[in-house]
Every structure is written in structure tokens, then in C-alpha cells.
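Novice: sequence first, then the predicted structure:
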Amino acid sequence: MGVESIEYNGIKYAEIIWADTRVEQTTFFSPPQSSFQFGLLAHKAGFVEPPHYHKPVTRTIDDLQQMFVVQRGVVAVELYSDGGELLREVIMHPGDAIVLIHGIHAIRVIEDMQCISVKQGPFLGTERDKITVKVKS
């Protein structure tokens, strides 16, 4: 299935890397200017990356993106427009990954699941981080 981008009215809402996606070399799918880099690392046997660290650089981030990687189970990720209309429901299985870039989202667990969740920090607490939205049914 590869990599899929979900857009609406010219705005990218999410990117999905389906579990069966294969690349020959390291490939990032997010644009370089994105505050959240999303891709696959791929190297041939014998590759060695020398010990290193990443330079501390002050970055200003005014969006919050979140990534899920399904480890087990099945989960539906619902993506909504800014106006609350359901744009798409994505059914994810083990190995699938999604980065939520823009808009309203919800999850619905279909089979007991465990996901790795990654987002920018620092965590400010649920009351300062999440805004519950009434969506159109």
C-alpha cells in the first residue's frame, strides 16, 4: 500500500506509512520544514553509523503533531475537517503508522490495541493540551 497522504482543501491532515511499505534507502516523507519529521530508515547489512549526537538548536514550534505506530490490535483513526465533518476513517493494524498533522482526530479501538505514541513536548497536562470538539454526525 505504500505511503499515503490525506489532504482536504489543500491542507495535509495526515500521512500514513502502511506496514508493507519498503524503501531501499532512508526516506523521509515529511517536508524538511515540517516541525515533525516522518520517514523510514533503511540500510544494507554492514552499514555503520558513527557515534554522534544532534546539535542543540532552538526551534520555535507552533503546531503539535502526533504519531501512532500500532504494535498490536486494530484501531480506527477518524480525521475531521476544521468544521467537524468526518473526512476519513483509517483502519490501522500492527506495523501501520500515522502522523496527525492538522485538524481534529479521534480514535476508536476495534481490537485491544497498543500503540507507540510520539509528539512534541513538553507535556503541559491534559487540561492544557486537549480541546474536546463536538463533531457533526
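Specialist: Yep, it's here. Numbering: from 1, shown residues only.
Novice: so what's the most centrally placed residue in the chain bridging to?
Specialist: In the chain, the C-alpha nearest the mean C-alpha coordinate belongs to residue 99, at 1.1 Å (C-alpha atoms, centre = their mean). For residue 99, the beta-bridge partners are residue 15, residue 67 (DSSP bridges).
Novice: surely it touches residue 34?
Specialist: No - counting by C-beta atoms under 8 Å, residue 34 is not a contact partner of residue 99; they are 9.0 Å apart. Bear in mind the C-beta positions are built from the backbone N, C-alpha and C, glycine included.
Novice: on that earlier part again, and the residue nearest to the centre of the chain, what does it touch?
Specialist: Counting by C-beta atoms under 8 Å, 6 or more residues apart in numbering, residue 99 touches 14, 15, 30, 36, 38, 65, 66, 67.
Novice: pipe these into CSV and attach pLDDT and distance to residue 113 per row.
Specialist: Compiled in CSV, those are given as follows (pLDDT from 0 to 100; distance: C-beta to C-beta, whole Å):
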residue, pLDDT, distance to residue 113
14, 95, 18
15, 94, 20
30, 88, 24
36, 89, 22
38, 89, 20
65, 91, 20
66, 93, 15
67, 95, 15
